[in-house]
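**Q** need a 3D model of the following:
(one chain, ligands or ions: 1)
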Amino acid sequence: MSSNNKKLIAVIGATGQQGGGVVHALQASSQFKVRALSRNPGEHRELADEVVEADLNRPETLKAPFDDAYGVFLVTNAGEKGTDESKQATAAIRAARDAGVEHFVWSTLPDVEAISGGRFAVPHFTGKARIDRIVKEAGFPHHTFVIAPGYYQNFVGPLAPQKQADGSAGWALPLDPAVRCLHMGDIRELGNIVAGAFAHPDEAGHGEYLPLVGDFMSFNDIVETLNRQGHKFSVKQVPKEVFATFFPGAAELAEMFSYWEAYTYLGSDSSDRIALANKIAGRQPTRFATWAQVNFPVQSP
Ligand SMILES: NC(=O)c1ccc[n+]([C@@H]2O[C@H](COP(=O)([O-])OP(=O)(O)OC[C@H]3O[C@@H](n4cnc5c(N)ncnc54)[C@H](OP(=O)(O)O)[C@@H]3O)[C@@H](O)[C@H]2O)c1
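**A** Numbers count the residues shown, from 1 in each chain. Alright, predicted model coming up:
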């Protein structure tokens, strides 16, 4: 707890999409003081009340960042070369526990291996799920799991429409585009859930799972939504083996799409968890159509 009775929250990944939203939501409430953590604090001086160096690959840098912190938000970045999520999370959990942190919030994902009985392997999902047990057993007075959905932002980033063989712009994906399977959201809004959990540990600090879900759609739904706004996108299914050759890392993504098609992104009916997450956040997350209107403008020819 910080001296002026505001809860001091240390945010890992504060310069990124998930952690950035967490910093923003915490700052929007008068209840918190924010300590942003980065490997390069000098480049982000204005980000929060305090900006402190922390590198998950160097456990010796994780002591000072958690001193006096009431809460910690942790996300690990599977996409960064050389990242061992288990090793990084274990180091952060140990350091937070040693510092006496009271509330630990971990950004997890569903256990694809358990849900699919071993049929699909998606390491950046299952690897995060396996960290849940370490968080549970660490003995924090409060802990919460938040679940990031498929980011809307992916559609203007890594999953942006590509030129197709027939000349159209759109997507060639290894799943049936008619299957409603994708839980999605504006990732900046994950912070509302995290801030709500830190504010209400009585309601969300006993290992609750809180997914951010702004919409639940098929790829046909996504394309129809965008085309209603003036785009002319297409989507078609390609065999998994063909998709796997499209770019480095495509094989794991193909597995992920197959898992979504068979089980959905969250892997089970999560309506109770979604309702609790929205209650804790104090708002309904933004729908895809509303987000796209602002963030996915039609390009003039
Ligand atoms: N894209 C999706 O649809 C999706 C969906 C669900 C979950 N995810 C998961 O989201 C995670 C990525 O989160 P994001 O989108 O917020 O990432 P991001 O925007 O790429 O930012 C990565 C953040 O991680 C920090 N970081 C990386 N390595 C670090 C280290 N060794 N020590 C300390 N901080 C480190 C970076 O901080 P500095 O550079 O400042 O040190 C940065 O703030 C991935 O694990 C991915 O699996 C993604």
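
**Q** model confidence for the closest residue to the ligand within the stretch 151-300 of the chain, exactly?
**A** Closest approach between the stretch 151-300 of the chain and the ligand, counting by Cβ to the nearest ligand atom: Tyr151, at 3.9 Å. For every residue, glycine as well, the C-beta is placed using N, CA and C. Tyr151 is assigned 98 on the pLDDT scale.

**Q** ramachandran coordinates for it?
**A** Per-residue torsions, Tyr151: phi -70, psi 140 (degrees, to the nearest 10).

**Q** contacts only, for the nearest residue to it once chain neighbours are set aside.
**A** Once flanking residues are discounted, Tyr151 sits nearest to Ile187: 4.3 Å by Cβ to Cβ, 6 or more residues apart in numbering. Residues near Ile187 by Cβ atoms under 8 Å, 6 or more residues apart in numbering: 17-18, 21, 148-149, 151-153, 212.

**Q** most surrounded residue in those residues?
**A** Leu212 (29 neighbours; other Cβ atoms under 10 Å).

**Q** Glu203 and Ile147, how far apart?
**A** As judged by Cβ to Cβ, to the nearest Å, Glu203 and Ile147 stand 17 Å apart.

**Q** likewise for Asp111?
**A** 11 Å.

**Q** who has more neighbours, the two?
**A** Ile147 (25 against 17).

**Q** what about that one, distance to the ligand?
**A** 8 Å (Cβ to the nearest ligand atom, to the nearest Å).

**Q** can you report phi and psi for that residue?
**A** The phi/psi pair for Ile147 (degrees, to the nearest 10) is phi -120, psi 120.

**Q** and the residue nearest to Tyr151, backbone torsions?
**A** Torsion angles, degrees, to the nearest 10, at Ile187: phi -60, psi -20.

**Q** what sits against the residue positioned nearest the centre of the chain?
**A** In the chain, the residue lying closest to the centroid (Cα atoms, centre = their mean) is Ala148, at 3.0 Å. Ala148 sits next to 18, 75, 107, 109, 185, 187, 190, 212 when contact means Cβ under 8 Å, 6+ apart.

**Q** same check on Gln237?
**A** Gln237 sits next to 172-177 when contact means Cβ under 8 Å, 6+ apart.

**Q** circling back to that earlier point, can I get the contacts of Ile187 in TSV including distance to Ala160 and secondary structure?
**A** Shown next, in TSV, are the contacts of Ile187 (distance: Cβ to Cβ, whole Å; DSSP: H, G, I helix; E, B strand; the rest coil):
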residue	distance to Ala160	secondary structure
Gln17	16	helix
Gln18	20	helix
Gly21	21	helix
Ala148	19	coil
Pro149	18	coil
Tyr151	12	strand
Tyr152	12	helix
Gln153	10	helix
Leu212	21	coil
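
**Q** surely Ser168 is in contact with Ser234?
**A** Yes: in this structure, Ser168 is within contact of Ser234 by Cβ atoms under 8 Å, at 4.2 Å.

**Q** just the strands from the stretch 201-301 of the chain, written as ranges.
**A** Taking DSSP state E, counting those that start in this stretch, the strands of the stretch 201-301 of the chain run over residues 206-211, 215-217, 233-237.

**Q** how about the longest one as CSV, C-alpha atoms only?
**A** Written as CSV, here are the backbone C-alpha positions of strand 206-211 (Å, rounded to 0.1, in the frame of the first residue of the first chain):
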residue,chain,number,x,y,z
HIS,A,206,-10.4,-15.8,-4.9
GLY,A,207,-9.2,-17.3,-8.2
GLU,A,208,-12.1,-16.1,-10.4
TYR,A,209,-11.7,-16.4,-14.1
LEU,A,210,-12.6,-13.1,-15.9
PRO,A,211,-12.6,-13.2,-19.7
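
**Q** same for that strand, what does it pack against?
**A** If you count contacts as 3 or more Cβ pairs under 8 Å, 6 or more residues apart in numbering; DSSP states H and E, strand 206-211 packs onto strand 142-147, helix 190-199, helix 271-281.

**Q** how about the residues of the stretch 51-200 of the chain by the ligand?
**A** Residues of the stretch 51-200 of the chain lying near the ligand by Cβ under 6 Å from any ligand atom: 54-57, 75-80, 109, 124, 148, 150-151, 154.
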